[in-house]
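Engineer: Provide a 3D model corresponding to the input given below.
(one chain, ligands or ions: 3)
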Amino acid sequence: MRVDQFCMDAWTGRVDPEADSARWHQRVQPLADASQPGLALLGFACDEGVQRNHGRIGAAGGPVAIRKALANLAWHRDAPAYDAGDIACDDGDLEAAQTRLAYAVRALLDAGHQPLVLGGGHEVAYGSWSGLAGHLGKQPAPRIGIINFDAHFDLRDPAHVRSSGTPFSQIADQCVARDWPFRYACLGISRASNTRALFTRAAELDVWVREDRDISESTLEALGRELDAFANDCDALYLTLDIDVLPACEAPGVSAPAARGVAISLLEPLLLRLKASGKVRLIDVAELNPLHDIDNRTARAAARLIHVLTSSD
Ligand SMILES: N=CN[C@@H](CCC(=O)O)C(=O)O
Ligand SMILES: [Mn+2]
Ligand SMILES: [Mn+2]
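Structural biologist: Numbers count the residues shown, from 1 in each chain. Ligands and ions are numbered 1, 2, ... in the order given. The predicted model follows:
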């Protein structure tokens, strides 16, 4: 599998003398052709989509920041985990970088791995989905459910510019071209941060929408059941976490911090519910911007969510 850069330097941290005290940095291995199926971390070091979307750049540093935060977390996995390196976008050619990402994701899936892509701006989603689509494309009209936890729809019209604000419109267009269903759930939407045009497009595309204010302790169980029903109707799930769905106090290091957001304590049970469906084939984490982070708070939040999604106990 071809990647643009590879470096294991982020995988360092505390070493405890007691038995059974491993942390991620002691377990994550460089991915090799002969690696047994496992979790494969793949970076997408890219600012281009955020730049084109007039956001605050810095997301290209996301993959390293997440690896460093993950490195020192306690290891609670049974299966192996690998670092597969990074796809990078250094020349402004976002479309070529997304194509390389799609090839890499597809290669990981074809080899039996569970890819987890570390963005990068949310333009990562078009490359991620394209990789899953390539992998599943042998079957007729796969029902791929996209579950996006995000303050934003990212359904802008790509006819103007393709950016971090357009990946799900681009995917919807691809689904039309292939005569595949477009199943998109967008949870955590901030009404204040999405125009009427975006709400209209979401309605036209039959997007399942839950706003930030719809997600509370009292609605969690009902939401969980709705997620189960969504998953039941799909052959495979693509889970995409835009870290700006978290409140600005939990995730200051993003391009567009959320004034309200959905707290990590509410997000976690929903992620566990999705994990329990057994249908999540692909995960990515987008929009972490270390240049605007405070004491690595956002990177820690991203790593915690990855830990929740990938641990066995
Ligand atoms: N990735 C998407 N980002 C948001 C940015 C919103 C903002 O900068 O205020 C969007 O396009 O809607
Ligand atoms: Mn987004
Ligand atoms: Mn967002």
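Engineer: distance of whichever residue of the stretch 201-313 of the chain sits closest to ligand 2 relative to ligand 3?
Structural biologist: With C-beta to the ion, the shortest gap between the stretch 201-313 of the chain and ligand 2 falls at residue 242, namely 3.5 Å. For the C-beta atoms, the positions are set from N, CA and C on the backbone; glycine is no exception. Using C-beta to the ion, to the nearest Å, residue 242 is found at 4 Å from ligand 3.
Engineer: same question for residue 57.
Structural biologist: Residue 57 sits 15 Å away from ligand 3, going by C-beta to the ion.
Engineer: which one is that residue nearest to, not counting chain neighbours?
Structural biologist: residue 47 (4.3 Å; C-beta to C-beta, 6 or more residues apart in numbering).
Engineer: stretch 61-81: end-to-end distance?
Structural biologist: Counting by C-alpha to C-alpha, to the nearest Å, you get 21 Å between the two ends of stretch 61-81.
Engineer: contacts only, for the residue nearest to residue 57.
Structural biologist: If you count contacts by C-beta atoms under 8 Å, 6 or more residues apart in numbering, residue 47 has them with 57, 58, 59, 60, 89, 121.
Engineer: in these, find the pair that's most separated.
Structural biologist: 58 and 89 (13.6 Å; C-beta to C-beta).
Engineer: neighbour count for the two, which is higher?
Structural biologist: Higher neighbour count among residue 58 and residue 89: residue 89, with 27 against 21, using other C-beta atoms under 10 Å.
Engineer: get me the contact residues on the stretch 101-250 of the chain for ligand 3.
Structural biologist: Taking C-beta under 5 Å from the ion as the contact definition, the stretch 101-250 of the chain meets ligand 3 at 150, 151, 152, 242, 244.
Engineer: quick one: the helices in the protein, in order.
Structural biologist: All helices of the chain, identified by DSSP state H, fall at 24-27, 48-52, 62-71, 94-110, 124-136, 167-178, 196-204, 220-232, 264-277, 297-310.
Engineer: nearest to residue 9 among the ones you listed would be which one?
Structural biologist: helix 62-71 (8.5 Å).
Engineer: contacts for the closest one, please.
Structural biologist: If you take C-beta under 8 Å, 6+ apart as the criterion, helix 62-71 is touched by 10-13, 23-25, 28, 41, 43-45, 83, 86, 118-120, 253, 285-290, 293, 296, 299-300, 302-303, 306-307.
Engineer: 6 Å instead, please
Structural biologist: 10-11, 13, 24-25, 43, 45, 86, 118-120, 288, 290, 299-300, 302-303 (C-beta atoms under 6 Å, 6 or more residues apart in numbering).
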